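Q: Take this sequence and fold it.
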Amino acid sequence: MVRPGVQPVIRTPDQRIRVFVSSTLRELADERRAVRAAIERMQLAPVMFELGARPHPPRELYRSYLSQSDVFVGIYGDSYGWVAPDEEISGLEDEYRLAPREMPKLIYIKKSEHRDDRLAQLIARIQEDDTAAYLPFTTAEELESQVSVDLATLLAERFEESRAEEEPAESDPSPLIARVPVPYTTTIGREREIAEVLEMLTRGTDRVISLIGPGGIGKSRLAIEVALAARTLFPGGTYFVALENVLEQGLLLPTIGYTLGIRDNGEAALEERISRALAGRNVLIVLDNFEQIVDAAPVLVRLYTVAPSASFLVTSRIVLRIRGEQVYDVRALGTPSPNAPGTLERARTSTAVQLFVDRARAAKPSFELTEDNAGAVMDICRRLEGLPLAIELAAAKLRILTPAAIAERLKKSLPMLTAAVRDLPQRHRTMRATLDWSVGLLAAEDRALLEDLGVFAERFSLEAVEAIGVGRSWEGHAIDGITALIDGSLVKQTEVQGRPVLSLLAIVREYALGRLKDRGEARKMRNAHADYYTAVVRRHGGELRTESQAATLASLSIELANLRAAIRHLVYTDRLDDAAEFAWGLLIYWWIMGLFGGVRVWMLELLGKEKPILPRSRAIAWFFALWGEMWQQPSEEVVAGLAECVRLFTESGDEDAAAMALAARATARVQLPQPDVETAAHELDDAVERLHRLGNGWGEAITRVSLGRVAWLRGSREEALAHFQRASAVAEAGGDLFTRSVAGNQIGRLLLVGGQVDEAEEVFRRTLVDSVKLHHEEGIAYGLEGICAIAAAHGDARRAGALSAAAAAIRHRIGVFDVEAFTVHELSLDAVRRSDPDAVAAGEREGAQLTVAEAVALALPEPERALAAEALSHW
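A: Here you go, the predicted structure:
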């Protein structure tokens, strides 16, 4: 289905202003680096292709990037660029032609006496173009300076224009991780299926709708299109949960929670938090690739029972067989009947042929369906049984083969290849055979590279590919190999946070890994994968305690699926000590991001193996296993278990970890039905002293926060304030935004209780910005509540009501609640509600509809608002 007026787009997930950079690569390498530096310095997103020249121009790829970019920057030197076979112009000129007329174009022409004639002609046409601004330059340094000035001027002009707009742009308030993916290409031939599934969702009688079909038939694409079309049906939000790399049943709830924005810090049962988050909200949750954890399907019954207004759309190769499930069989695209004449008119009526033609034009823009080739195209689609992915792979081969040649090869290859996999369903056999044929056209090194890529989960970097290539046949040729795989539609390239990332479709990854297993090399490559990510943890884990915390969190989150895959492999292959060290190295990451639930699953599996492990590894595993118990089911056994962790860490010579476990044991004492507060305070003091002596600023600061909470619960606000302020100072000295925001929110609350309103406002502003930088929505809710209390104290009833409702909406969405002692903003809000109830009520109605960005903007003045807006642009 093609949505009217919408081109295929590739989104930069941070949603910053995107600057498309067009130039020849090798000739202007220094200039490209200079322009990238200028763009990034202004916190914009450069859109650049750095994988080198290709044997055929990726026209559909850069058309997609252009359609989603905001500014065009052209850099021209001596070379006109390479003209591909069957093309009349170079990619350099094609990019300029494809840039929309309304897109601002900044053109920079390097002074030269040896310019190609065709480039000189292109520049002459550009100089006549009233939509483009052009300037000469001599050096890369001069270019960098000029680009910075021009972009700043352009943005200032656009900002002034935007102020006159009557309607604000619609924003997507859902977290980036939860957003429905934007398809890379148009969806063809699914209008009826989309309408039918939409009707099922509209009825609202089916709690779980399962899209069932073999791999490659288009289940995920159908689910994406339905989710995009159904947004108005679900005002509570639409969430997309990718399950292709979730292999343990116990990770279903943590993955759903993570997608919903719920951090599992262990303080409450995750299912309880999810039920709170979904209560009363009319939401659609898409669960993609459910088949590998199908035994976890009863969890969905529990979820829709506690959240009766939530609907689930599932893609799976296997029926779930649970109450409330409505199965929808996803069919292949319509193919021409076997005896249909191979005419152009007949071919055009087939949706499978329509898809082939669309993808063929992406591979070879000059392709047209004609009377001469219609019969061959119809034969291709029939042999591939209308399977969308198989058709796309075949169409990609038009770069090197004619339709007749493709049809002839399929005629010879498919029966032979299919015979080797008779145990698979018929359509799955066809898909496997198509992949075999498509991969068979690759050079041997590229084929080996694709198979090795099967060990990666979701997105991965070129650096990671090169790291696992040591000793492989393709070592040293990763860039060329990746380029060939992109050209063969087997690898996708996108950008995340301004850097290129690569990915495989789930069925291609499954196929590649299967080939690797057949060769007996899967474990070897998974070991290499695990070793690389173990090195990543060692390299970046320590940065979580520094001023690089926010950037490191973002970087690790891009790699989360691979981090999970690596630790899973370490446990599975009995590298248990390595697995424990991996988990401990990311302690701060799991803590801040609220991912303790998944780690607990792996550590319990580690302990359950009952194999010899180091005492330190046992302590690590027990620490993670007991963390949730400490909050949810506190007992003397939990306290004793954490005491054992302290002993094991101490005997292992790790005083730092022993001090962290000591602080956890003290916290567990406070959670007991009959809290032992005095002993807990003594142990926390001891832990703080040890961590300070060892130079663990992060551990010292977060433990001082616990000391402050204990003092507050004991009624000593002055002592509590001193602990929180010291925690904030230690965190600030170490660049630890997370603990500074946690301590800051506590400081602000105590200042409010003491009537120090102006001092509290300054603290809450800072902590709100810190939480935004960390993408920490729980902290944002705290900050909004604090500033709500400030507004109420100043008599600004409407703003106070709006901020309170906005914070409540965040809490509801992420399933977070707080103990009554810490909800001090309610006192101020109640007071102003008594004096001006109508204004508070009006504000609450407005606040309930605000996005996170709008609520933050309402809470902050300049310059804090600008800082928060820049950080929010990365969400």
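
Q: Give me the mean pLDDT for stretch 104-124.
A: Average pLDDT, stretch 104-124: 90.

Q: Can you give me the first-to-last residue distance of that stretch?
A: In stretch 104-124, first residue to last residue: 18 Å (Cα to Cα, to the nearest Å).

Q: What lies in contact with it?
A: 28, 31, 70-81, 90, 92-93, 96, 99, 126, 129, 131-138, 143, 146-147, 150-151, 154, 158 (Cβ atoms under 8 Å, 6 or more residues apart in numbering). Placement of C-beta: from N, CA and C, glycine included.

Q: Try it again at 6 Å.
A: 71-80, 93, 126, 131-138, 143, 150, 154 (Cβ atoms under 6 Å, 6 or more residues apart in numbering).

Q: Of all the residues in that stretch, which ones are buried?
A: 104-110, 115-116, 118-119, 122-123 (16 or more other Cβ atoms under 10 Å).

Q: What segments of the stretch 751-875 of the chain are helices?
A: 757-773, 777-793, 797-814, 825-835, 837-847, 852-859, 864-872 (DSSP state H, counting those that start in this stretch).

Q: Which of these has the highest mean neighbour count?
A: helix 777-793 (a mean of 27; mean count of other Cβ atoms under 10 Å).

Q: what pLDDT, on average, does it get?
A: 94.

Q: circling back to that earlier point, would you turn the buried residues of stretch 104-124 into CSV with distance to A643 and secondary structure?
A: Shown next, in CSV, are those (distance: Cβ to Cβ, whole Å; DSSP: H, G, I helix; E, B strand; the rest coil):
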residue, distance to A643, secondary structure
P104, 64, coil
K105, 67, strand
L106, 65, strand
I107, 69, strand
Y108, 66, strand
I109, 72, strand
K110, 69, strand
R115, 76, coil
D116, 76, coil
R118, 77, helix
L119, 74, helix
L122, 75, helix
I123, 75, helix
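
Q: Tell me which two of these sit farthest apart.
A: For those, the farthest-apart pair by Cβ to Cβ is P104 and D116; their separation is 26.0 Å.

Q: that older thread, just the ones of the contacts of stretch 104-124 in strands?
A: Under the assignment DSSP state E, the contacts of stretch 104-124 contribute V71, F72, V73, G74, I75, Y76, A132, A133, Y134, L135, P136, F137 to strands.

Q: can you map out the helices along the stretch 551-700 of the chain?
A: 560-572, 576-585, 587-593, 596-608, 615-632, 636-651, 655-671, 677-694, 697-713.

Q: any weak-confidence spans in the stretch 551-700 of the chain?
A: Low-confidence segments of the stretch 551-700 of the chain (pLDDT under 70): none present.

Q: that older thread, could you export the helices of the stretch 551-700 of the chain as a markdown table, including mean neighbour count?
A: Formatted as a markdown table, these follow (neighbours: other Cβ atoms under 10 Å):
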| stretch | mean neighbour count |
| --- | --- |
| helix 560-572 | 22 |
| helix 576-585 | 22 |
| helix 587-593 | 21 |
| helix 596-608 | 22 |
| helix 615-632 | 22 |
| helix 636-651 | 19 |
| helix 655-671 | 23 |
| helix 677-694 | 18 |
| helix 697-713 | 24 |
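
Q: Save these as JSON lines, and put in distance to R539 too.
A: Output for those, formatted as JSON lines (distance: least, Cβ to Cβ, whole Å):
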{"stretch": "helix 560-572", "distance to R539": "13"}
{"stretch": "helix 576-585", "distance to R539": "10"}
{"stretch": "helix 587-593", "distance to R539": "13"}
{"stretch": "helix 596-608", "distance to R539": "20"}
{"stretch": "helix 615-632", "distance to R539": "19"}
{"stretch": "helix 636-651", "distance to R539": "23"}
{"stretch": "helix 655-671", "distance to R539": "19"}
{"stretch": "helix 677-694", "distance to R539": "21"}
{"stretch": "helix 697-713", "distance to R539": "17"}
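
Q: per-domain residue ranges of this structure.
A: 18-162, 176-329, 344-440, 444-572, 745-875 (automatic domain parsing).

Q: and the two most separated of the ones in strands among the contacts of stretch 104-124?
A: V71 and P136 (19.6 Å).
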